[in-house]
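1. For reference, the sequence and a predicted model appear below.
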Amino acid sequence: MTKELIILLIPVILLQAGLAIYCITKILKEGVEIGNKALWIVIVLIVNLFGPIAFLIIGRKKYVND
């Protein structure tokens, strides 16, 4: 890898790490809507950028304002 390519990948790596940390924190504190916590943590960690996005769309608990 060239130095330029590594510099271009740094924002993507930071975005991935930030999303993973945010999603894992939400999973552990709030729980999940579908599936179990361990499964979602594995998905978030293994399925790179799409795992955290899938959790935020599908797996996150949704709260109703009543």
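-> That came in fine, so what should we check first?
2. For the residue nearest in space to the middle of the chain, give its distance to residue 37.
-> In the chain, the residue lying closest to the centroid (Cα atoms, centre = their mean) is residue 52, at 2.5 Å. Using Cβ to Cβ, to the nearest Å, one obtains 14 Å as the distance from residue 52 to residue 37. Just so you know, the C-beta spots here come from the backbone N, C-alpha and C atoms, and that holds for glycine as well.
3. thinking again about what came up before, state the pLDDT value of the closest residue to the residue nearest to the centre of the chain other than its chain neighbours.
-> Nearest residue to residue 52 in three dimensions, chain neighbours excluded: residue 19, at 3.9 Å (Cβ to Cβ, 6 or more residues apart in numbering). Residue 19 is assigned a pLDDT of 94 by the prediction.
4. quick one, what contacts residue 19?
-> The neighbours of residue 19, taking Cβ atoms under 8 Å, 6 or more residues apart in numbering as the test, are 44, 49, 52, 53.
5. if you look at those residues, which of them are in helices?
-> When DSSP state H defines the helices, the subset of these inside them is 44, 52, 53.
6. buried stuff in the top helix by length along the chain?
-> Looking across the chain with DSSP H, the single longest helix is helix 3-30. Residues 19, 20, 23, 24, 26, 27 are the ones in helix 3-30 that count as buried (16 or more other Cβ atoms under 10 Å).
7. Including distance to residue 8, could the residues you listed go into TSV?
-> What follows is the buried residues of helix 3-30, written out as TSV (distance: Cβ to Cβ, whole Å):
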residue	distance to residue 8
19	19
20	20
23	24
24	26
26	29
27	30
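8. Can you tell me which of those is nearest residue 60?
-> Minimum distance to residue 60 across the buried residues of helix 3-30 is 6.5 Å, recorded for residue 26 (Cβ to Cβ).
9. Give me the spatial nearest neighbour of that closest one, chain neighbours excluded.
-> residue 60 (6.5 Å).
10. How many residues are close by residue 57?
-> Other residues lying near residue 57 total 8 when counted by other Cβ atoms under 10 Å.
11. For residue 16, see how far away it is.
-> Going from residue 57 to residue 16 by Cβ to Cβ gives 17 Å.
12. Over to residue 32: give its phi and psi.
-> Backbone torsions for residue 32, taken as degrees, to the nearest 10, come to phi -130, psi 160.
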